[in-house]
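S.K.: need the 3D shape of this:
(one chain, ligands or ions: 2)
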Amino acid sequence: MKTYLVTGAAGFIGSNFVRQLLSEEPNVCVVAFDALTYAGNLENLADCLGHERLCFVRGNICDVDAVRGAMSDGADVIVNFAAESHVDRSILGCKEFLRTNVEGVQVLLDEARARKVGLFLQISTDEVYGSLGPTGLFTEETPLQPRSPYSASKAAADLLVAAYQHTFGMPAIITRCSNNYGPFQFPEKLIPLFITNLIEGRRVPVYGDGLNVRDWIHVADHCRGIRAAITGGRPGEVYNLGGNNEQTNMAITRLLLEALGKDDSSIQFVEDRLGHDRRYAIDAGKSARELGWKPCIDFKQGLAETVHWYRTNESWWRRIKTGEYLKYYEQQYGRAAANRRSAVSR
Ligand code: NAD
Ligand code: TYD
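M.R.: Numbering: from 1, shown residues only. Ligands and ions are numbered 1, 2, ... in the order given. As a prediction, the model looks like this:
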């Protein structure tokens, strides 16, 4: 039996990863670790909380004692999803981004090193490469040129991981994935924000001319790619993961309008994001060759299933929009635990 410490496990991708791991890998047990910031929602793991191979720990990756405690029974693999992840928030202020995305990674790396953890998997993003013109793709050799405070903090973490690998021989792998969509994504990101606004009869805010391009991948494909990197990747390497699926924001908007029976009057063009990266596109050839991984979920089908998920899980996102979801941890673990943990998180 292998033990995985999965940090950021109550977020969008982390919770999908934990669910996939428990259902597809019988010889893995999971310590799911999360600070439950505004983006963390224990309801994302509600169906896993009673699982015999899962233990949930509320804690902050910047807190050495909390991380040490979570590893007290040992950890064979650390998979780090914990991050401040929203570009717009990083433009409003990036202190928490540096704390979690850089300082938190330093804490995890030091504890991984002290405990001689077998593999440290850093979940990174294609945004560290910067922005592309109309042609070309990001490869693992593309220089890092982050252009938002969010991507700068993720690039800093990547460099720190590489430095620990070089200096201390830390067995570490970095995966850099493109934009994810799917169930349990926090409704501040493009696709869930637009789906939920349209269901509520509200308009959708398209930034600038709406022609920025992202490469969209279903979260389940991303999670399979991470698992392939853990089992087949070479320590010290970077693996790009992408959907081979470039779409403009307008194309996505029109697909969602159609799926939800709305027309162009639901579109509201708004001021562009500051420093808005124009185009991201991934060459995932190395992952295909070395890991035998390829995304397999068709975009139109995956998007239709995602729309269906948000339609049939209205109470999940409505509880987020009203703030009710913040009480779920307390309801599960009691007021005393909630108070103790929030004191630690502060
Ligand atoms: P998310 O915002 O949905 O989840 C982040 C999780 O981390 C939350 O549960 C939050 O509570 C937790 N967290 C934040 N700060 C913490 C801290 N200090 N200690 C412990 N937990 C903390 O983000 P996501 O979309 O699931 O992204 C997960 C990872 O994947 C991030 O590292 C992100 O950079 C990366 N990534 C995301 C995408 C995407 O499209 N969403 C694409 C590529 C890479
Ligand atoms: P987002 O989901 O925030 O991901 P990222 O910025 O990390 O790629 O945004 C995806 C694209 O959608 C990006 O080009 C910005 C755009 N966008 C809008 O046009 N309106 C919105 O309300 C949001 C959140 C994003």
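S.K.: the longest helix anywhere in the chain - contacts with which helices or strands?
M.R.: Secondary structure of the chain read by DSSP state H shows that its longest helix is helix 149-168. With contacts taken as 3 or more Cβ pairs under 8 Å, 6 or more residues apart in numbering; DSSP states H and E, helix 149-168 sits against helix 87-92, helix 95-98, helix 105-114, strand 119-125, strand 172-177. (Each C-beta comes from the backbone N, C-alpha and C, glycine too.)
S.K.: how about CSV for these, with distance to ligand 1 added?
M.R.: Putting the helices and strands packed on helix 149-168 into CSV (distance: least, Cβ to the nearest ligand atom, whole Å) gives the following:
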stretch, distance to ligand 1
helix 87-92, 10
helix 95-98, 7
helix 105-114, 9
strand 119-125, 4
strand 172-177, 4
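S.K.: could you check the pLDDT of the nearest residue to residue 53 once chain neighbours are set aside?
M.R.: Excluding its sequence neighbours, the residue lying closest to residue 53 (Cβ to Cβ, 6 or more residues apart in numbering) is residue 29, at 4.0 Å. In this model, residue 29 is scored at 97, pLDDT.
S.K.: what's across from residue 29 in the sheet?
M.R.: Here residue 29 sits in beta bridges with residue 3, going by DSSP bridges.
S.K.: now it: how far from ligand 1?
M.R.: Distance of residue 29 to ligand 1, given as Cβ to the nearest ligand atom, to the nearest Å: 19 Å.
S.K.: that residue reaches residue 48, doesn't it?
M.R.: No - counting by Cβ atoms under 8 Å, residue 29 stays clear of residue 48, with 11.9 Å between them.
S.K.: near residue 75, how many other residues are there?
M.R.: Neighbour count for residue 75, taken as other Cβ atoms under 10 Å: 25.
S.K.: that one - that's part of a strand, no?
M.R.: No - secondary structure of residue 75 (DSSP: H, G, I helix; E, B strand; the rest coil): coil, not part of a strand.
S.K.: that one: what's it in contact with?
M.R.: With contact set as Cβ atoms under 8 Å, 6 or more residues apart in numbering, residue 75 has these partners: 3-5, 31, 112, 115, 117.
S.K.: now with 10 Å?
M.R.: 2-6, 31, 33, 67, 111-112, 115-120 (Cβ atoms under 10 Å, 6 or more residues apart in numbering).
S.K.: what does residue 145 give?
M.R.: Contacts of residue 145 (Cβ under 10 Å, 6+ apart): 128-131, 151-152, 155.
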